[in-house]
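**Student:** need a 3D model of the following:
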Amino acid sequence: MTPKAPVYAKRIIKAPIERVFRAWTDPEELKLWHAPEPEGILAAISENHVGGNRSLTLIIDGKTYQVAGTYKEFDPPHKLVYNWEDPSAPNDSVMTVLFKPLSDRATELEVSYTNPTVGTVQQGLTIIMGHLQEYLGV
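**Tutor:** Numbering: from 1, shown residues only. As a prediction, this is how the structure comes out:
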């Protein structure tokens, strides 16, 4: 499979860095916001350490999908790096999430996804960042 260009997304989230990081890594919180509308997440796993598993089971257009990976870096509350594995993904698909404090009430969230598996990743990242902001209440 030919590698695709990386996808990047950035957004200012009006919440403290620790709160944003927790929302991105707590399985129960992930289920509440980390999916495109109107679909949802059936299950989430986030074993929060290097080598830990990260998995989401989603419903998209009435079909169930699972994506899973392993944390390569886990640096609370500043950085996450994990790979994504699904039936259509090459093994070198990697998500990097950077959390940068702008103040005690604002965090810059920057996500990059190398070798995305589908062309709609950019749109999906934009949607879930919006959902995160709504979930955090601002």
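
**Student:** can you pull out the helices in the chain?
**Tutor:** 17-25, 27-33, 121-135 (DSSP state H).

**Student:** distance to residue 9, mean pLDDT and mean neighbour count for the ones you listed - can I get that in TSV?
**Tutor:** (Each C-beta comes from the backbone N, C-alpha and C, glycine too.) TSV is the format used below for these (distance: least, Cβ to Cβ, whole Å; pLDDT from 0 to 100; neighbours: other Cβ atoms under 10 Å):
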stretch	distance to residue 9	mean pLDDT	mean neighbour count
helix 17-25	13	98	19
helix 27-33	15	93	17
helix 121-135	4	86	16
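
**Student:** relative to residue 100, which of those is closest?
**Tutor:** Across those, the minimum distance to residue 100, taken as Cβ to Cβ, is reached by helix 17-25, at 7.5 Å.

**Student:** please name every helix or strand in contact with the closest one.
**Tutor:** Packing contacts for helix 17-25, counted by 3 or more Cβ pairs under 8 Å, 6 or more residues apart in numbering; DSSP states H and E, involve helix 27-33, strand 94-103, strand 106-114, helix 121-135.

**Student:** format those as JSON lines; extra columns: distance to residue 46.
**Tutor:** Formatted as JSON lines, these follow (distance: least, Cβ to Cβ, whole Å):
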{"stretch": "helix 27-33", "distance to residue 46": "5"}
{"stretch": "strand 94-103", "distance to residue 46": "12"}
{"stretch": "strand 106-114", "distance to residue 46": "16"}
{"stretch": "helix 121-135", "distance to residue 46": "15"}
